[in-house]
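S.K.: 3D model of this:
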Amino acid sequence: MTSFLPRWSQRRIAVLVALISLTLVACQPDTTGNNAAQSSPPPAVTVATPVKKEVVEWDEYTARIEAVEDVEVRARVSGYLERVAFEDGAVVEEGDLLFIIDRRPFEAELREREAQVSQARAAATNARTQFERGRRLRDSKSISEEEFTLRRTASLAAEADVQSAQAALEAARLNLEFTEVRAPISGRISRPFITQGNFVSGGTAGADLLTRIVSLDPIHAYFEASERAFLKYVRLSQSGQRPSSRDVKNPVFVQLADEEGFPHRGHIDFVDNLLDPNTGTMTGRALLPNPDGILTPGLFARLRLPGSGVQEALLVPDAAIGSDQTEKYVVVIGDDDAASYRRVEIGSIVHGLRLVRSGISETDRVVIAGLQRATPGQVVTPEEGTVDIQPEPLTPEDAQPVRVVAERAGG
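M.R.: Okay, here's the model as predicted:
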């Protein structure tokens, strides 16, 4: 048949027909089951079973180091400061001489008081003699009863004057002794706040501050526990899982800013009797030996104390824990390699792993890597992984209390 179309038009139509045929073939369903999208493998995730280990949860607080004894040294008498007898910042022993106040006025006062005592004793001797003579004269009716009474009263008054003079003498001796200001405690002393030659006001509540001494060994560490933490300790004590720090000397471990681990061991020696209404916290105090003096008053430190009793716990990597608003969960892979969602209750970090209180068992295969790829109900490709346990500076044996001191609840 002869075509009436130009040759170039015939070629264009042929190309169009071929393209339409290819398009129709491509749109046909794949009956072989080899579709590219359907042939992609299930997502790969890494799984491992939880580590079961006997652990203690340690609660950590910021503590401040304070001296057990902190004394402000003030003069008990007023006078000019004659000498400073210590090196600034030195360690002093109780009774060491620190300051000397000009002694001369107090020596003069002492001599005056001694003279007054002698004078009072002489007057008392004379009054006693007059009284004894009056007793004999009264017996012979040579003086009146009124005169005898006056002599007796004069004798008693003279004896009282002697006692008063002796008391004034003792005060003068004390004042002379107080011109030497000595260390009331052993510890590290500060600098002199008043230098030689200045007048020192002493003996009153507003007496001048001369210097300050803080004790070094042992030392205190104060910390604040929240209301929730305090209630947790009370519940643990009531259930018998962890004794109260009011009843036993629960151990504490302290770390300074430049230290590894928690090398300083002590124990709780005080829990306050009420919570601070302004902060809602309970004050606790630890006592630590400090033979090398490194725990200096004013330092801040990290303090750990047992936050639980010894317990068998399941541990998983912290990366295995997901968050759904306020809830925590893990993804567990079943025998059919399908992912399932498990709500869990978690605890603190122990051995570098997250403690799981409930929600999983020790045989569950928990997703520890690729959590985002494990949609609940989806089949995955599990790959076996390992859970690495990091060494802990503190062990369950470290949590044992020192000594039982009472049986009371709380704290």
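
S.K.: sheet partners, orientation included, of the longest strand belonging to the chain?
M.R.: Using DSSP state E, we find that the single longest strand of the chain is strand 339-350. Strand pairing for strand 339-350, determined by DSSP bridges: strand 327-333 (antiparallel), strand 353-358 (antiparallel).

S.K.: which parts of that strand are buried?
M.R.: 339, 342, 344, 346-347, 350 (16 or more other Cβ atoms under 10 Å). In short, each C-beta sits where N, CA and C put it, glycine included.

S.K.: what residues does it touch?
M.R.: With Cβ atoms under 8 Å, 6 or more residues apart in numbering as the test, strand 339-350 has contacts from 45, 53, 55, 57-59, 307-308, 313, 315, 318, 321, 327-334, 354-360, 364, 367, 374-380, 392.

S.K.: try stretch 287-295
M.R.: Here stretch 287-295 makes contact (Cβ under 8 Å, 6+ apart) with 65, 68, 188, 216-221, 252, 254, 256, 264-269, 301.

S.K.: pull out the buried residues from these.
M.R.: Looks like the contacts of stretch 287-295 have 65, 68, 188, 216, 218-221, 252, 254, 256, 264, 266-269, 301 buried, using 16+ other Cβ under 10 Å.

S.K.: give the next helix or strand downstream of the longest helix along the chain.
M.R.: Longest helix in the chain, counting residues (DSSP state H): helix 104-139. As assigned by DSSP states H and E, the chain's next helix or strand after helix 104-139 is helix 145-178.

S.K.: quick one: that next one to helix 104-139, angle?
M.R.: 160 degrees (axes from the mean of the first three to the mean of the last three Cα atoms, to 10 degrees).

S.K.: helix 145-178 packs against which elements?
M.R.: helix 104-139 (3 or more Cβ pairs under 8 Å, 6 or more residues apart in numbering; DSSP states H and E).

S.K.: next, residue 387: secondary structure please.
M.R.: Look at residue 387: counting by DSSP: H, G, I helix; E, B strand; the rest coil, its state is coil.

S.K.: in stretch 65-80, what counts as buried?
M.R.: Within stretch 65-80, the residues that count as buried by 16+ other Cβ under 10 Å are 65-68, 71, 73-75, 77-79.

S.K.: my bad, stretch 346-366
M.R.: For stretch 346-366, the neighbour count (16+ other Cβ under 10 Å) marks 346-347, 350-351, 353-356, 359-360, 364-366 as buried.

S.K.: same thing with stretch 286-299?
M.R.: The neighbour-count check on stretch 286-299 (16+ other Cβ under 10 Å) flags 286-288, 290, 295, 297, 299 as buried.

S.K.: distance between the ends of it?
M.R.: Taking Cα to Cα, to the nearest Å, stretch 286-299 runs 14 Å from one end to the other.

S.K.: and stretch 272-292, by the same measure?
M.R.: Stretch 272-292 has an end-to-end distance of 29 Å (Cα to Cα).

S.K.: residue 267 sits in which helix or strand?
M.R.: Using DSSP H and E, residue 267 sits within strand 264-271.

S.K.: how far away from the center of its chain is the longest strand of the chain?
M.R.: On the basis of Cα atoms, centre = their mean, to the nearest Å, strand 339-350 is displaced by 30 Å from the centre of the chain it belongs to.

S.K.: returning to that earlier point: could you export the strands paired with strand 339-350 as TSV, including mean pLDDT and distance to residue 149?
M.R.: Output for these, formatted as TSV (pLDDT from 0 to 100; distance: least, Cβ to Cβ, whole Å):
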stretch	mean pLDDT	distance to residue 149
strand 327-333	92	97
strand 353-358	91	92
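
S.K.: out of the ones you listed, which is closest to residue 276?
M.R.: With distances scored as Cβ to Cβ, the stretch of those nearest to residue 276 is strand 353-358 (29.8 Å).

S.K.: tell me which residues are up against the closest one.
M.R.: By Cβ under 8 Å, 6+ apart, strand 353-358 touches 50-51, 55, 57, 313-318, 320-321, 330, 344-349, 387, 389-390.

S.K.: quick check on those residues: which are buried?
M.R.: Buried, going by 16+ other Cβ under 10 Å: 50-51, 55, 57, 313-317, 320-321, 330, 344, 346-347, 387, out of those.

S.K.: what's the pLDDT at residue 351?
M.R.: pLDDT for residue 351: 88.

S.K.: nope, residue 347 is what I was after
M.R.: 87.

S.K.: what's the closest non-adjacent residue to it?
M.R.: residue 355 (3.5 Å; Cβ to Cβ, 6 or more residues apart in numbering).

S.K.: measure that neighbour to residue 58 for me?
M.R.: Taking Cβ to Cβ, to the nearest Å as the measure, residue 355 falls 11 Å from residue 58.

S.K.: over to residue 119?
M.R.: 74 Å.

S.K.: follow-up on the earlier one: show me which of the buried residues of strand 339-350 is closest to residue 96.
M.R.: Nearest to residue 96 among the buried residues of strand 339-350 is residue 350, at 49.0 Å by Cβ to Cβ.

S.K.: and the closest one, bridged to which residues?
M.R.: Beta-bridge partners for residue 350, by DSSP bridges, are residue 353.

S.K.: pretty sure residue 282 contacts residue 231?
M.R.: No: contact criterion Cβ atoms under 8 Å: residue 282 and residue 231 do not qualify, at 9.6 Å.

S.K.: now the longest helix of the chain: how far from the chain's centre is it?
M.R.: In this view, helix 104-139 has its centroid 63 Å away from the chain centroid, taken as Cα atoms, centre = their mean.

S.K.: stretch 324-340 too?
M.R.: Computed by Cα atoms, centre = their mean, the separation of stretch 324-340 from the middle of its chain amounts to 39 Å.
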